[in-house]
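Asks: any chance you could fold what I've pasted below:
(one chain, ligands or ions: 2)
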Amino acid sequence: MNVYDSHRIASMLNKMGFSEAKTPQKADLVILNTCHIREKAAEKVFSDLGRLKMIKDERAKNGLDTIIGVIGCVVQAEDEEICKRAPFVDFATGPLTYHRLPEILRKITKSRGTPIIDTEFPAESKFDYLPQNSSMGGSSFLAIQEGCDNFCTYCIVPYTRGIETSRSIEDVINEARTLVAGGSVEINLLGQNVNSYRGVDASGKEHDLAYLLRRLADINGLERIRYTTSYPADVNDDLIACHGEIPQLMPYLHLPVQSGSDKILKAMNRRHTRSQYLDIVARLKDARQDLQFSSDFIVGFPGESDEDFENTLDLVNKVKFCQAFSFKYSRRAGTPAAEMPNQIDENIKKERLGILQDLLASYQLKFNNDSIGQIMPVLFDIKGRNKGELIGRTPYMQNLHAEAGKEYCNKIVNVKVTGANVNSLSGILEED
Ligand code: SAH
Ligand code: SF4
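Replies: Ligands and ions are numbered 1, 2, ... in the order given. The predicted structure follows:
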């Protein structure tokens, strides 16, 4: 979501006459787009700001002015902290108000004092004010939903991104058409809780994600559709059916489970049990046999016993995720779990994370190894490290490296997979 937001901010700045500087040393304006999900990400903002202050001072010696701004969830949660620890920041806005950037930049004068702060949860939607989105290349993100009403007890998102809101069907379809016209063959629909999407059509009637997916599948030239991140309890029958019916919907689904223990899921305030999760996975697999799953896991949530952790490992052994993101529980001020007793010792968290990650990596490696010999359509969109090499994504979201000229960039090309490791594949282009 932050990559998408940054792209929209850059487009807005472009429209205002800014162009991209190659380094912060050369920039008149530097904006940090921030994440508050775990402590490490949030702390990084302050160390990065320290470095920017040095650059700002250095440039000032040469008579150059530098505007420094902070955007995103850290601002929403820690605006006072920013004023206290980094008073040289010129402005700071939450993730829902960055469309006001032109107005904010106009307010910044040479003789500025304290940062301009905007942490309002605005009545208007930023999407109604931003300039039209532009393609990000062969694959583009498209935010359709924002915010979360689930209030998992560990999570800061509902406090920083606000309550769930959805963009209208027409708004999303128009943006998708623009992206495809700009060269995107893949669109990844985004939302903190994307499958809780409820967008209105022109007549004011509300529709869900399944309806939107079917409408998007009608767009000529849109060859791949993905959506992320889904909340298991909000996967409905029609969404499951879509996976069997819409060929453009890629056979890879990120479906975070967090834990394999019912006791912990309850303490997390997740609205699904372990068996409900496994049932959803099974029904999705029934709809599309080659569907693969990735997930998010938190280890060391308050009160997690060895047995709870074993249940998580057991769930991994059942689903055999082809990719996963796993984290040590991070205490976020203001969330219920931060106040819970039986916080888990840091060393135990570390140990459990190591065990879980080894297990996840073994399934990921096995899945990648099983791809060897297959011919897969790969969407190339990044230059590789070596000259003449491109990196792309298989339908299962595996990174694949191949020798390919730049004429293949942003295109879907058949590739024979010849090598694999945990994090990527390599392959050879099939002649057509
Ligand atoms: N809405 C999505 C996830 C958004 S946050 C969902 O519910 O699945 C992305 C991931 O960050 C979460 O899935 C969770 O695994 C992790 N996360 C969130 N808060 C965390 C915390 N306090 N400590 C560790 N990991 C956390
Ligand atoms: Fe956070 Fe996701 Fe839970 Fe919402 S559903 S509170 S975003 S983890």
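Asks: which bits of the stretch 101-250 of the chain sit near ligand 1?
Replies: Residues of the stretch 101-250 of the chain found near ligand 1 (Cβ under 6 Å from any ligand atom) are 148, 154-155, 157, 192-193, 229, 231. (C-beta placed from N, C-alpha, C; glycine too.)
Asks: with those in mind, which one is nearest to residue 384?
Replies: Using Cβ to Cβ, residue 229 comes nearest to residue 384 of these, at 27.8 Å.
Asks: so that closest one sits against residue 196, correct?
Replies: No. Counting by Cβ atoms under 8 Å, residue 229 stays clear of residue 196, with 10.7 Å between them.
Asks: any common contacting residues for these two?
Replies: Common neighbours of residue 229 and residue 196, using Cβ atoms under 8 Å, 6 or more residues apart in numbering, do not exist here.
Asks: could I get stretch 266-275 in CSV with only the CA atoms?
Replies: Output in CSV follows, covering the C-alpha atoms of stretch 266-275 (Å, rounded to 0.1, in the frame of the first residue of the first chain):
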residue,chain,number,x,y,z
LYS,A,266,-9.1,-15.8,20.1
ALA,A,267,-6.8,-13.7,22.1
MET,A,268,-5.8,-11.9,18.9
ASN,A,269,-9.5,-11.2,18.2
ARG,A,270,-9.3,-12.9,14.9
ARG,A,271,-12.8,-13.8,13.6
HIS,A,272,-11.7,-17.3,12.4
THR,A,273,-10.6,-20.5,14.0
ARG,A,274,-7.9,-22.8,12.8
SER,A,275,-10.4,-25.3,11.3
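Asks: flag every buried residue along it.
Replies: 267-268, 270, 272, 274 (16 or more other Cβ atoms under 10 Å).
Asks: what about the residues you listed, which are in helices?
Replies: Those of the buried residues of stretch 266-275 mapping onto helices are 267, 274, per DSSP state H.
Asks: could you point out the longest helix in this protein?
Replies: The residue-count maximum for a helix in the chain (DSSP H) belongs to helix 346-370.
Asks: now that helix: mean pLDDT?
Replies: Helix 346-370 shows a mean pLDDT of 98.
Asks: that one: how far from the chain's middle?
Replies: Distance of helix 346-370 from the chain centroid (Cα atoms, centre = their mean, to the nearest Å) equals 21 Å.
Asks: give me the contacts around the helix or strand that that helix is followed by.
Replies: Note on helix 346-370: by DSSP states H and E, the next helix or strand toward the C-terminus is strand 375-383. Contacts to strand 375-383, defined as Cβ under 8 Å, 6+ apart, come from residues 137-139, 185-186, 224, 389-395, 400, 402, 404, 406, 408-417, 427, 430.
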